[in-house]
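> I'd like to go over a predicted model; first the sequence, then the structure.
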Amino acid sequence: MSNVKTYRGSCFCGEVRFTVNGEPVAMGYCHCESCRRWSAGPVNAFTLSKPEEVQITRGADNIGTYNKTPHSYRKWCKTCGGHIFTEHPGMGLIDVYAVVIPDFPYHAGVHVHYQESKLHIKDGLRKMKDVPKEMGGSGVSMAE
Ligand SMILES: [Zn+2]
Ligand SMILES: [Zn+2]
């Protein structure tokens with residue numbers, strides 16, 4: 001597996017650094033209220049990777065965690081407050097925010113939780129009302 005690429009990421013200030021290996025399981029935009037309120041942004045660009053593909057290389061004890069629900073453990077840097085990633089234990093995946101891994105070849109494949117959207121994006125990609133069936137959702141698509 002010598003051709004597996006490693007991408008470097010960091011928080012806003014650089015105290016926390018990490019790497020992500022290989023291609024993610026999924027990439028897209030999340031419009032859910034939790035992502036919007038936590039990030040204070042209208043939409044969240046996510047990448048979902050297996051936990052073993054994400055390694056903290058610096059500042060592991062500088063990472064804060066908050067979980068409003070058992071589904072999402074949100075992580076940020078205690079120095080700058082910059083968001084880093086969110087663990088989804090139920091899915092067995094980590095959402096590493098696309099913006100914190102600048103060299104990562106991010107290509108959104110889908111929009112999720114579009115029924116909660118505050119910023120409609122007409123990019124021709126599939127708009128899922130919530131999430132795919134295999135992730136516990138309805139699997140229903142909706143208009144842009
Ligand atoms: Zn930081
Ligand atoms: Zn979300």
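Structure received. Ligands and ions are numbered 1, 2, ... in the order given.

> what's opposite residue 75 in the beta bridge?
Legend: beta-bridge partners of residue 75 under DSSP bridges are residue 65, residue 85.

> am I right that it is in contact with residue 63?
Yes. In terms of Cβ atoms under 8 Å, residue 75 counts as a neighbour of residue 63; the distance is 5.2 Å. C-betas here are computed from N, CA, C, even on glycine.

> comparing those two, which residue is more hemmed in?
residue 75 (22 against 17; other Cβ atoms under 10 Å).

> what's around residue 56, how many residues?
Each residue near residue 56 was counted by other Cβ under 10 Å, and the total is 16.

> look up phi and psi at it.
Note on residue 56: its backbone torsions stand at phi -80, psi 120 [degrees, to the nearest 10].

> quick one: name the residues of the protein near ligand 1.
Within the chain, the positions lying close to ligand 1 (Cβ under 5 Å from the ion) are 11, 13, 15, 77, 79-80, 82.

> quick one: the helices in the protein?
33-39 (DSSP state H).

> how about low-confidence regions in it?
Residue ranges of the chain with pLDDT under 70: 1-2.

> distance to residue 44 and neighbour count added to the residues of the chain next to ligand 1, as a markdown table?
As requested, those are exported to a markdown table (distance: Cβ to Cβ, whole Å; neighbours: other Cβ atoms under 10 Å):
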| residue | distance to residue 44 | neighbour count |
| --- | --- | --- |
| 11 | 16 | 25 |
| 13 | 20 | 13 |
| 15 | 22 | 16 |
| 77 | 17 | 21 |
| 79 | 22 | 15 |
| 80 | 18 | 15 |
| 82 | 14 | 18 |
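
> now, these that are in strands?
Within the residues of the chain next to ligand 1, residues falling in strands by DSSP state E are residue 77.

> so which of the residues of the chain next to ligand 1 is the closest to ligand 2?
residue 82 (17.7 Å; Cβ to the ion).

> contact partners for the closest one?
With contact taken as Cβ atoms under 8 Å, 6 or more residues apart in numbering, residue 82 is in contact with 11-13, 16, 76, 100.
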